[in-house]
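Asker: need a structure here:
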Amino acid sequence: MPKILSTHPLHPRATAMLVGAGRLVVASALDARTLAAEAKDAEIVIVRAPLPPALFEGAAKLRAAIRHGAGLDMIPMDAATAAGVLVANVPAVNARSVAEHVMFVTLALFRRFRMVDRDLRAKGWLAGREHANANSELAGKTIGIVGLGAVGQEVGHIAAHGFDLNVVATTRSMRPAPERVGFLSIDALVEQSDIIVLCCPLTEETRGLISRERIARMKPSALLVNVSRGPVVDDDALIEALQKGRIGGAALDVFATQPLPPGHPYFGFDNVIITPHMAGITEESMMRMGTGAAGEALLVLANKMPVNLRNPEVVQHYRRRFPVDA
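Answerer: Numbers count the residues shown, from 1 in each chain. Got it, this is the predicted structure:
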């Protein structure tokens, strides 16, 4: 039976799909040495943790690295392609989960939930209720979305049709905008938005995109919500802006260093919501991501190409390693 190594346990439906097609093994640890050692005899790796480039050098039987989700930054693409390994992902399936998380944390910030909850429990009813005087509604505000892929479009749809927000966006491909979404440059977006939501992938162009200069352009009451990747934001600049009260608050689900170290400055702000890279994780999305990744694995094990192949330039090399049906 071909070995299928998964960095994490899969949803029961995904596990059931693989019964009879391969021997599913969950990695015993997520450090680079363990992953490389346990992938040596694997034909498929299902990815929810960063893979070391060395994994691809030592895995002679490896056919495919399949991302359990959309973002490919956990897979060293150059190393996979050089080794003749297919890379696939499962795009868009957690977009609704991430978009709902965006609205959840935005509402929590505007309604000062952390402070209300803390003071209600520690100081009593009136102390908690006092925060309501500074609460704010969503309707009529402007939400600016950076990156208009599946997540960005879902955020825009919920924001416009569910909360009557004005929606603007910036994106690499200025294609026709969805209904009720207007395009702006990144600088105009950060200046005009009451809520800035980062939904873009991490690339050389987006690394440090929310810089000291752009944070300085934000409204003093603006909120920053990051559900993309940590390095899109200049942490030092954001911490300084929060310390000086230069922006209204932030909701951060992703960080340059994960897990976020205990005692990190972000933990010290009442107007910052920290979540452990969980915006896209719900029971429903885990089922969709898991079954999607399992489906791609089954195709590869059946000598077919994955539906969502992300390094098509590898095909010729891969065909030399493994015969593949047309």
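
Asker: now the helices for the stretch 101-250 of the chain?
Answerer: With DSSP state H, counting those that start in this stretch as the criterion, the stretch 101-250 of the chain has helices at 113-123, 125-130, 150-163, 186-192, 212-217, 235-243.

Asker: between those helices, which gets nearest to Glu38?
Answerer: Closest approach to Glu38 among those is made by helix 150-163 (31.4 Å; CB to CB). In short, each C-beta sits where N, CA and C put it, glycine included.

Asker: Show me which residues of that closest one are buried.
Answerer: Buried residues in helix 150-163, counted by 16 or more other CB atoms under 10 Å: Ala150, Val151, Gly152, Gln153, Glu154, Val155, Gly156, His157, Ile158, Ala159, Ala160, Phe163.

Asker: Just the residues contacting it, thanks.
Answerer: Helix 150-163 is contacted from outside by 70, 91-92, 94-96, 98-100, 102-103, 138-139, 143, 145-146, 148, 165-167, 169, 171, 178-181, 197, 199-200, 227, using CB atoms under 8 Å, 6 or more residues apart in numbering.

Asker: Any of those buried? List them.
Answerer: The neighbour-count test (16+ other CB under 10 Å) marks 70, 91-92, 94-96, 98-100, 102-103, 138, 143, 145-146, 148, 165-167, 169, 171, 181, 197, 199-200, 227 as buried among these.

Asker: still on that earlier bit, nearest to Ile273 among the buried residues of helix 150-163?
Answerer: With CB to CB as the yardstick, the closest approach to Ile273 among those comes from Val155, at 16.2 Å.

Asker: Could I get the pLDDT score of the closest one?
Answerer: Looking at Val155, its pLDDT reads 97.

Asker: ok, Leu224 to Asp234 distance?
Answerer: 11 Å (CB to CB, to the nearest Å).

Asker: Need the overlap of contacts for those two.
Answerer: Residues touching both Leu224 and Asp234 by CB under 8 Å, 6+ apart: Ile210, Ile215.

Asker: quick one: which of these two has more around it?
Answerer: More crowded of Leu224 and Asp234, by other CB atoms under 10 Å: Leu224, with 25 against 20.

Asker: Pull the contacting residues for the closest residue to that one other than its chain neighbours.
Answerer: Leaving aside its sequence neighbours, Leu224 sits nearest to Ala250 (CB to CB, 6 or more residues apart in numbering; 4.5 Å). By CB under 8 Å, 6+ apart, the contact set of Ala250 is Leu223, Leu224, Val225, Asn226, Leu238, Leu242, Tyr266, Phe269, Asn271, Val272, Ile273.

Asker: State the distance from Ala250 to Glu179.
Answerer: Counting by CB to CB - Ala250 and Glu179 are separated by 29 Å.

Asker: Can you give me the end-to-end span of stretch 179-186?
Answerer: 20 Å (CA to CA, to the nearest Å).

Asker: avg pLDDT for that stretch?
Answerer: For stretch 179-186, mean pLDDT rounds to 91.

Asker: The helix or strand Ala293 falls within: how far from the chain's middle?
Answerer: Ala293 belongs to helix 283-301 when elements are defined using DSSP states H and E. Here helix 283-301 is found 17 Å from its chain centre; the criterion is CA atoms, centre = their mean, to the nearest Å.

Asker: Kindly report the same for stretch 281-300.
Answerer: Its chain's C-alpha centre and that of stretch 281-300 lie 16 Å apart, by CA atoms, centre = their mean.

Asker: And that stretch, what's buried?
Answerer: When neighbours are counted by 16+ other CB under 10 Å, the buried residues of stretch 281-300 are found to be 281-282, 285-300.

Asker: On the pLDDT front, check the residue nearest to Leu224 for me.
Answerer: We have a pLDDT of 98 for Ala250.

Asker: Make TSV out of the contacts of Ala250 and add pLDDT and distance to Met74.
Answerer: Formatted as TSV, the contacts of Ala250 follow (pLDDT from 0 to 100; distance: CB to CB, whole Å):
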residue	pLDDT	distance to Met74
Leu223	98	28
Leu224	98	24
Val225	98	22
Asn226	98	17
Leu238	98	24
Leu242	98	29
Tyr266	98	22
Phe269	97	28
Asn271	97	30
Val272	98	25
Ile273	98	24
